[in-house]
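A.B. asks: Predicted model follows, preceded by the sequence.
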Number of protein chains: 2
Amino acid sequence: MISSKQCVKEIKQSLKLFNKKKKYLLHEPFLDKSDSTQINKCIYSTFVSSVSGYTNIFEKELSKFTGSKYVVAMVTGTAAIEIALKSVGVKKDEEVLIPNANYIASANSTLQIGAIPHFIDIDKSNLGIDINKLSIYLKKITLIKNGKLINKKTKRIISAIMPTHIFGNTCDVLKLLNLTKKFKIKIIEDSSEALGSFYKNKHLGTFGKVGILSFNGNKIMTTGAGGALLTDDKKIFDKALHLSKISRKQNNYWEYDYSQLGHNYRMPGINAALGISQLKKVKKILKIKKKIYNIYTRAFKNSKNISLIKENKNCNSNNWLNSIYISGCNLKIRNRIINELNKKNIFVRPLWKLMHKISYLKKYPKMSISNSIIVEKSLISLPSSTNLKN
Amino acid sequence: MISSKQCVKEIKQSLKLFNKKKKYLLHEPFLDKSDSTQINKCIYSTFVSSVSGYTNIFEKELSKFTGSKYVVAMVTGTAAIEIALKSVGVKKDEEVLIPNANYIASANSTLQIGAIPHFIDIDKSNLGIDINKLSIYLKKITLIKNGKLINKKTKRIISAIMPTHIFGNTCDVLKLLNLTKKFKIKIIEDSSEALGSFYKNKHLGTFGKVGILSFNGNKIMTTGAGGALLTDDKKIFDKALHLSKISRKQNNYWEYDYSQLGHNYRMPGINAALGISQLKKVKKILKIKKKIYNIYTRAFKNSKNISLIKENKNCNSNNWLNSIYISGCNLKIRNRIINELNKKNIFVRPLWKLMHKISYLKKYPKMSISNSIIVEKSLISLPSSTNLKN
């Protein structure tokens, strides 16, 4: 059994390679004078709400940065996932494949539209979907009927899969794309943590039918709260934009008519203004993030107890949250390490609680999730704030 | 039949009593240097997201201003309505009484939680619920069984009513309160348009179980987008706050567990910071709004064609949107007046399209909505921006 004391010591040792800090934080927003300036412009324009031109400008800039043809900015990443599910046509009572090791937004948004989360396993090496395991599983439990993938046991259609690019890293997304074609399922890439991550020089979130970004305060860049939907498909874009603007018919500015149940999810101008100035700094932020990743790589190179989770070899990750595996760990030791470090103002965190362990998600279908269980008990995320090296 | 030309002339004449403008707008945000200063402080603090202390401060200030014991700030007013319905315990397939002349958020939020909108009529004099008509209707179509109000025809429980305080005005809210006690229904006051409106010196939104505010860019004060839930009930407050923070269990900051399907609806710090500086100016804004209302009162005092909608005698309205009735009007003439004025940069608007006319709402139950139909065809809202008199 590994000693928590030894691990705490090694992690503390690694932090000596960074700027000395009173608090070592997991993530902090990277804000400066340029953000105030941009927001003041927005205030001065009076267009602070969701009808603001700043929201359109932010979308255009995101389109340029990610290479996605169309972008819809929304109030949160969670809102963007919900709209994505509706826009690609996932229906009530259909199943959506979701990694079991995941943030809660994917499962919640699926339930929100009346669909069923179906939990699948992840790959220990990159925290993405375990594609080989999924392929074997789908062969076993599904059949294709009238061009739809059917779960033989539940008789429900499996209509979509939502890979999450955890901590900015990714599975082999092209291989996953092939699998989804074979099995006739739509792919919504949850790239909430992956702004600035590229797989073979293409931005994550631009491989599937739809991609999702998040700009929560803990992310690579922030709009306070916020998210975006990326797509190259004009029809999906039109539907997503319409749904996020309460499905209001746009005959003239004073008519209040609506085509269907919509959502008041459009990002306000004041948040988009912050997004515009933040996006201008993303390359600088990514450089600092890479430096931090490289320092951690060196720090744990020869460790017997700790191994840093590496970027997928085809992925230039945004290195959002540097994470390690503790060998021979269990949940008790993991928690002890986390508590001891946090007490010393070195803020670290575990992976999320696995989806199948959350009370209201227990009842939903899942495959063997053996990898997720290993990852959960041995992963710790380390301080990764740009302030460590800025 | 009234002449649209004569009405256009009279409305143009009334605007001569205000500051001369290139554009006469319905509403504009009231923003100045103090808003930039407050937001810059927030940016400098780096706490721009929903974990920001600014959100708590904004809630405390709203509590002081409205006299509501508890306040939960959220991303939109629509989000606040959805959380309100869940927090007071409205269940799937229960009916919610909603004015037929209304903004879409009430009906959408009701559908969002799986409940059924049931449309009721309004009072022409104050645009609130027609309480006498409702009382007669409920006596006829309902019975009380085990302390629940049952719709005899649909057999469903009618669990709540959502009066909307349209344009900052209100029905006789104490009379409505008595009616809801008699009929065992919970009251959620949609005061989205009524920040700064008081009925017998008590703030609107503080009479029912729950009240709702909105801070969209068109409202008395703005946070870009945003809303809030008001309540004096600790249990409802706890539930609403928990649901709006994704129902995350708060054992410690690094544990990711959730008690139930929640919502990522908490207002971000950057928007709350704007709310704080805006709220400081509300009394000033309300004074200007009252001046505008008084000027319109004078302007149409002796008109044969136009009558201004007056404040309820017990209500000190925020006079958010001054609105008139055109006598002998119909939808065609109304639209002609609106189009002609808008062409001249005098921005006016009609009432919303009535709920029972919106395609996806047609199928839901409704009472006779004769008053709403009269209001729809004869009401026009006039330029009411503070800039008219600031």
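C.D. replies: Yes, it's here.

A.B. asks: Could you report the neighbour count for residue A:247?
C.D. replies: The number of residues packed near residue A:247 is 18, by other C-beta atoms under 10 Å in any protein chain shown. To be clear about C-beta, it is placed using only N, CA and C from the backbone, and glycine gets the same treatment.

A.B. asks: Surely it and residue A:260 touch.
C.D. replies: Yes - applying C-beta atoms under 8 Å, one finds residue A:247 in contact with residue A:260, separated by 4.9 Å.

A.B. asks: which element is the residue nearest to the spatial centre of chain A on?
C.D. replies: Centroid-nearest residue in chain A: residue A:192, 2.8 Å away (criterion: C-alpha atoms, centre = their mean). Assessed by DSSP states H and E, residue A:192 sits outside every helix and strand.

A.B. asks: what sits against it?
C.D. replies: Applying C-beta atoms under 8 Å, 6 or more residues apart in numbering or on different chains, we find residue A:192 in contact with A:77, A:103, A:105, A:164, A:165, A:212, A:213, A:214, A:216, A:219, A:227.

A.B. asks: ok, and the closest non-adjacent residue to the fifth one?
C.D. replies: If I follow you right, that is residue A:165. residue A:194 (3.9 Å; C-beta to C-beta, 6 or more residues apart in numbering or on different chains).

A.B. asks: coming back round to it: sort out for me which of the contacts of residue A:192 are in strands.
C.D. replies: Using DSSP state E, A:212, A:213, A:214, A:227 are the members of those that sit in strands.

A.B. asks: mind giving me CSV with those residues and columns for pLDDT and neighbour count?
C.D. replies: Below are those laid out as CSV (pLDDT from 0 to 100; neighbours: other C-beta atoms under 10 Å in any protein chain shown):
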residue, pLDDT, neighbour count
A:212, 98, 30
A:213, 98, 31
A:214, 98, 29
A:227, 98, 29
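
A.B. asks: export the residues you listed to TSV and tack on distance to chain B?
C.D. replies: Converted to TSV, the ones in strands among the contacts of residue A:192 look like this (distance: C-beta to the nearest C-beta, whole Å):
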residue	distance to chain B
A:212	13
A:213	14
A:214	10
A:227	9
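
A.B. asks: What is the nearest of those residues to residue B:280?
C.D. replies: Each of the ones in strands among the contacts of residue A:192 was checked against residue B:280 using C-beta to C-beta; the closest is residue A:227, at 30.6 Å.

A.B. asks: In this structure the closest one contacts residue A:219, no?
C.D. replies: No - checked against C-beta under 8 Å, the pair residue A:227 and residue A:219 is beyond contact range at 9.6 Å.

A.B. asks: What about the residue in the stretch 151-300 of chain A that chain B sits nearest to, how many residues nearby?
C.D. replies: Among the residues of the stretch 151-300 of chain A, residue A:217 lies closest to chain B, at 2.6 Å counting by C-beta to the nearest C-beta. Summarising burial for residue A:217: neighbours were counted as other C-beta under 10 Å, giving 23.

A.B. asks: Tell me the secondary structure at the nearest residue to it once chain neighbours are set aside.
C.D. replies: Nearest residue to residue A:217, sequence neighbours excluded (C-beta to C-beta, 6+ apart): residue B:49, at 2.6 Å. Per DSSP: H, G, I helix; E, B strand; the rest coil, the local secondary structure of residue B:49 is coil.

A.B. asks: quick one, what contacts residue B:49?
C.D. replies: Taking C-beta under 8 Å, 6+ apart as the contact definition, residue B:49 lies against A:29, A:216, A:217, A:218, A:222, A:224, A:225, B:268, B:269, B:270.

A.B. asks: Now the phi/psi pair for the fifth one, please.
C.D. replies: Spelled out, that is residue A:222. With angles defined as degrees, to the nearest 10, residue A:222 shows backbone torsions of phi -130, psi 150.

A.B. asks: contacting residues around it?
C.D. replies: A:29, A:31, A:215, A:216, A:274, A:278, B:48, B:49.

A.B. asks: number of nearby residues for the closest residue to it other than its chain neighbours?
C.D. replies: Computed as C-beta to C-beta, 6+ apart, the closest residue to residue A:222 that is not its neighbour in sequence is residue A:29, at 4.6 Å. With neighbours defined by other C-beta under 10 Å, the count for residue A:29 comes to 27.

A.B. asks: rewinding a little: from residue B:16, how far out is the residue of the stretch 151-300 of chain A closest to chain B?
C.D. replies: Going from residue A:217 to residue B:16 by C-beta to C-beta, to the nearest Å gives 49 Å.

A.B. asks: where exactly do the helices run in chain A?
C.D. replies: Taking DSSP state H as the criterion, chain A carries its helices at A:4-15, A:33-45, A:53-66, A:77-87, A:105-112, A:131-141, A:173-182, A:234-244, A:269-280, A:282-299, A:331-343, A:370-378.

A.B. asks: What residues does residue A:198 make contact with?
C.D. replies: Under the criterion of C-beta under 8 Å, 6+ apart, the neighbours of residue A:198 are A:204, A:315, A:316.

A.B. asks: now do 6 Å
C.D. replies: Remark: with contacts taken as C-beta atoms under 6 Å, 6 or more residues apart in numbering or on different chains, residue A:198 is in contact with residue A:316.

A.B. asks: Bridge partners for it, pull those for me.
C.D. replies: For residue A:198, the beta-bridge partners are residue A:203, residue A:316 (DSSP bridges).

A.B. asks: Against residue B:383, how distant is it?
C.D. replies: 50 Å.

A.B. asks: again, but for residue A:188
C.D. replies: The spacing between residue A:188 and residue B:383, counted by C-beta to C-beta, is 44 Å.

A.B. asks: Report the residue ranges of every domain in chain A.
C.D. replies: Here the domain assignment for chain A is A:4-27+A:282-388, A:33-280, based on automatic domain parsing.

A.B. asks: Residue B:285 is nearest to which of those domains?
C.D. replies: Comparison of the domains of chain A against residue B:285 by C-beta to C-beta identifies domain A:33-280 as nearest, at 13.8 Å.

A.B. asks: nearest spatial neighbour of the residue nearest to the centre of chain A, skipping sequence neighbours?
C.D. replies: Once its chain neighbours are removed from consideration, residue A:192 has its nearest residue in residue A:214; the separation is 3.6 Å (C-beta to C-beta, 6+ apart).
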